[in-house]
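Undergrad: When you get a sec, could you give me coordinates for this:
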Amino acid sequence: MPTRCDWCEGTFDQYVRYHDEEWGVPVHDDKTQFEFLMLESAQAGLSWSTILKKRAGYREAFANFDVQKVARFDEEKVQELLQNPEIIRNENKIRSAINNAQRFIAIQEEFGSFCNYIWDFVGGDPIQNEWKSLEEVPTNTPISNKLSKDLKQRGFKFIGSTIIYAHMQATGMVNDHITSCFRHQEVLNLT
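TA: You can find the predicted model right below:
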């Protein structure tokens, strides 16, 4: 059995698959960036396992993470989402998802793509960390502080530095698999 990052050991299959197949893989398409940004924002104050269990519900409720469609959600749609048990029914988070979709599109228009914008914060290449244990992995960094601040200035909501660092980890902007994890080298080889 391969050695994995401590945070996913002993969890449910979907969580292990997320670790083994997605977490830390560099994402260079805007649709996936939007999906993870939306899910990370929904996670605020909750566990990632809670969000992961509701991912299919989010996919269905939020137009398969189509940023153009989500940006056009109206008040009727907000009220519908507030009744949907397949997502986190927090009004502020639902409204922020719509707001963030609109801000996301503004960044796409300014930079040509959201990926052009966000990857510039790490110089275009993933940061390859060499953590030996989970305790060494930070919850935020100067880069996530800077990115979070810039997104907030652009009108994004629910995107504090810790959420943004989790987004950077999820989308492979940083490789935070611990060095004993079988995925550390695999993710490193993707760059």
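Undergrad: can you give me phi and psi for Q102?
TA: phi -70, psi -40 (degrees, to the nearest 10).
Undergrad: Isn't it up against Q68?
TA: No - look at Q102 against Q68 with Cβ atoms under 8 Å: they stay out of range, at 10.1 Å. For glycine as for every other residue, the C-beta is placed from the backbone atoms N, C-alpha and C.
Undergrad: Between these two, which has more neighbouring residues?
TA: Q102 (15 against 11; other Cβ atoms under 10 Å).
Undergrad: quick one, what contacts that one?
TA: Each residue near Q102 by Cβ atoms under 8 Å, 6 or more residues apart in numbering is listed here: A71, G155.
Undergrad: Let's see that with 7 Å instead.
TA: A71 (Cβ atoms under 7 Å, 6 or more residues apart in numbering).
Undergrad: Could you do V174 as well?
TA: P126, I127, N129, M168.
Undergrad: Also P142?
TA: Taking Cβ under 7 Å, 6+ apart as the test, P142 contacts no residue whatsoever.
Undergrad: cool, and P26?
TA: P126, G172, L190, T191.
Undergrad: The second one reaches E22, doesn't it?
TA: Put plainly, it is G172. No - if you go by Cβ atoms under 7 Å, G172 and E22 don't touch, sitting 9.0 Å apart.
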